[in-house]
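Participant: sequence and computational prediction follow.
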Amino acid sequence: MDLHSTYPGISDLKQRAKRRLPHFVWEYIDSGTGAETTIHRNRDALDQIRFPPSILHGALEFDTSARVLGHDYPLPFGIAPIGMSGLVWPDGEGILARAAADAGIPYTLSTVASQCPEDLAPHLGDNAWFQLYPPKDPEIRSDLLNRAWQSGFRTLVLTADVPVASRRERQTRSGLTHPPQMTPRLMAQIALRPAWALGMLRYGVPHMRALDKYIDDSQNLPPTAHIGYLLRTSPDMDYVKWLRDHWDGPFVVKGILRPEDAGRLEQAGIDALWVSNHGGRQFDAAPASIEALPAIRAVTNLPLIFDSGVASGLDVLRALSKGADFVMLGRAFLYGIAALGARGPAHVIDILRQDMLANMGQMGIATLAQFPSGQSNN
């Protein structure tokens, strides 16, 4: 079957994913926080970026490569950290890591994934990143960093935009706990999704394996009070400097929306900034990430990584046009594995690549370096 004839866009994968997942799992991946206005704001702001099409430029030979943090990538995007991917589909993290390695793009493992760094060590390419939710205990912090490094992760990403837990009301209403507690309500939802259920029977109920050695995960906690939250702290600049001193590879801080944060992080020796509003999952009054991007670009020469709301190759180009050096996607890849299992990530990558090429052709742009500053209308 030609996947492009059936699932030509990320939206098609999203629709199939919703049909295949139990309701509480769907709510976990698709929801935001509050009234979800930040999710809509991300989408609306991206849609406002328009480009005048180009004509009479002749045939183009496209080059979609990008260089960031000392690595050359064939595409300007990668896989963002996604907590509990194994809840979305069995072996979710393994599927994503292998697909990223095959495609030569970065994969970012979350601290609160359902597989730990050691699980993924055999499947990593040269582009493995590890996302850290900041543990309060310095011994746990040091141990997590060492485990990630020994497993082959070379880029560290500190998520700094979760100083407190968000409420994520849709997740709470769904009945989801961590680890999932098989209540009659959830069992009824699972019974309607046999493919998901059979996979989970094989792999077992997912939980946050990286944290097993640090705390008892047998208690059932609401989605905004799981053990990842119980272990972590709200970092400050001293915390950032400690991490810089104790990590030998590239170090990225994620969750930047204010230009004034760029300067002090640059002075602290950070290698790149990640502009993100957590995909609308953390703060419902946040600006759209794409709205914040140009002002941050104006005050720093550090590489800028971007996420939040990206759902197409055109969105990738929109972010690049506003100053991003690289783009990361999360939900799109979850839709892919939920819709197509192990075939999903490669198809997501191909959808994004083909959409980029089609739109670059319309703009008359052969390489990503050719985006003229200020060409887009916003």
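Facilitator: Okay, I see it. Numbering: from 1, shown residues only.
Participant: any idea how far L69 is from I256?
Facilitator: 16 Å (Cβ to Cβ, to the nearest Å). To be clear about C-beta, it is placed using only N, CA and C from the backbone, and glycine gets the same treatment.
Participant: apologies, that question was intended for G249.
Facilitator: From G249 to I256 the distance is 19 Å (Cβ to Cβ).
Participant: so for the two, which sits in the more crowded spot?
Facilitator: Using other Cβ atoms under 10 Å as the criterion, G249 and I256 rank with I256 on top: 28 against 15.
Participant: who touches the residue lying closest to that one once chain neighbours are set aside in this structure?
Facilitator: Spatially, and ignoring its direct neighbours in sequence, I256 is nearest to L273 (4.7 Å; Cβ to Cβ, 6 or more residues apart in numbering). Going by Cβ atoms under 8 Å, 6 or more residues apart in numbering, L273 touches 252-253, 256, 261-262, 265, 296, 300, 302-305.
Participant: where does L273 land in three-state SS?
Facilitator: Following DSSP: H, G, I helix; E, B strand; the rest coil, L273 is assigned to strand.
Participant: show the pLDDT at it.
Facilitator: You'll see L273 listed with a pLDDT of 98.
Participant: what about it, distance to A188?
Facilitator: 45 Å.
Participant: next: T300.
Facilitator: Distance from T300 to A188, by Cβ to Cβ: 51 Å.
Participant: between these two, who's got more neighbours?
Facilitator: T300 (19 against 11).
Participant: count of residues packed around the nearest residue to that one once chain neighbours are set aside?
Facilitator: The shortest distance from T300 to any non-neighbouring residue, by Cβ to Cβ, 6+ apart, is to A262 (4.2 Å). A count of nearby residues for A262, using other Cβ under 10 Å, gives 23.
Participant: and the strand or helix carrying A262, what's its mean pLDDT?
Facilitator: Taking DSSP states H and E as the criterion, A262 maps to helix 259-267. Averaging pLDDT along helix 259-267 yields 96.
Participant: same check, this time on stretch 290-304
Facilitator: The model assigns stretch 290-304 a mean pLDDT of 97.
Participant: could you dump that stretch to PDB, C-alpha only?
Facilitator: Only the C-alpha atoms of stretch 290-304 are listed here, as PDB (Å, rounded to 0.1, in the frame of the first residue of the first chain):
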ATOM      1  CA  ILE A 290       6.500  31.700  16.500                       C
ATOM      2  CA  GLU A 291       5.600  35.200  17.700                       C
ATOM      3  CA  ALA A 292       8.400  35.100  20.200                       C
ATOM      4  CA  LEU A 293      11.000  33.700  17.800                       C
ATOM      5  CA  PRO A 294      12.100  36.900  15.900                       C
ATOM      6  CA  ALA A 295      12.800  39.000  19.000                       C
ATOM      7  CA  ILE A 296      15.000  36.200  20.400                       C
ATOM      8  CA  ARG A 297      16.800  35.900  17.100                       C
ATOM      9  CA  ALA A 298      17.500  39.600  17.100                       C
ATOM     10  CA  VAL A 299      19.400  39.500  20.400                       C
ATOM     11  CA  THR A 300      21.600  36.300  20.000                       C
ATOM     12  CA  ASN A 301      23.800  34.500  17.600                       C
ATOM     13  CA  LEU A 302      23.300  31.200  19.300                       C
ATOM     14  CA  PRO A 303      21.600  28.500  17.300                       C
ATOM     15  CA  LEU A 304      17.800  28.600  17.900                       C
END
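Participant: in it, what counts as buried?
Facilitator: Residues of stretch 290-304 classed as buried: 290-297, 300, 302-304 (neighbour count, 16 or more other Cβ atoms under 10 Å).
Participant: out of these, which sit inside strands?
Facilitator: Cross-referencing the buried residues of stretch 290-304 against strands under DSSP state E gives L304.
Participant: can you redo the buried residues of stretch 290-304 as JSON lines with distance to S65?
Facilitator: Converted to JSON lines, those look like this (distance: Cβ to Cβ, whole Å):
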{"residue": "I290", "distance to S65": "23"}
{"residue": "E291", "distance to S65": "28"}
{"residue": "A292", "distance to S65": "26"}
{"residue": "L293", "distance to S65": "21"}
{"residue": "P294", "distance to S65": "24"}
{"residue": "A295", "distance to S65": "27"}
{"residue": "I296", "distance to S65": "24"}
{"residue": "R297", "distance to S65": "20"}
{"residue": "T300", "distance to S65": "23"}
{"residue": "L302", "distance to S65": "20"}
{"residue": "P303", "distance to S65": "15"}
{"residue": "L304", "distance to S65": "17"}
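Participant: looking at the buried residues of stretch 290-304, which is nearest S312?
Facilitator: For the buried residues of stretch 290-304, the minimum distance to S312 (Cβ to Cβ) is 13.3 Å, reached by I290.
Participant: put the alpha carbons of stretch 183-196 into PDB.
Facilitator: Only the C-alpha atoms of stretch 183-196 are listed here, as PDB (Å, rounded to 0.1, in the frame of the first residue of the first chain):
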ATOM      1  CA  THR A 183     -10.100   1.000  36.400                       C
ATOM      2  CA  PRO A 184     -13.300  -0.300  34.900                       C
ATOM      3  CA  ARG A 185     -13.600   3.000  33.100                       C
ATOM      4  CA  LEU A 186     -10.300   2.700  31.400                       C
ATOM      5  CA  MET A 187     -10.700  -1.000  30.800                       C
ATOM      6  CA  ALA A 188     -13.900  -0.200  28.900                       C
ATOM      7  CA  GLN A 189     -12.000   2.200  26.700                       C
ATOM      8  CA  ILE A 190      -9.200  -0.300  26.100                       C
ATOM      9  CA  ALA A 191     -11.700  -3.000  25.100                       C
ATOM     10  CA  LEU A 192     -12.700  -0.800  22.100                       C
ATOM     11  CA  ARG A 193      -9.100  -0.600  20.900                       C
ATOM     12  CA  PRO A 194      -7.900  -4.200  20.400                       C
ATOM     13  CA  ALA A 195      -4.700  -3.500  18.500                       C
ATOM     14  CA  TRP A 196      -3.500  -1.100  21.200                       C
END
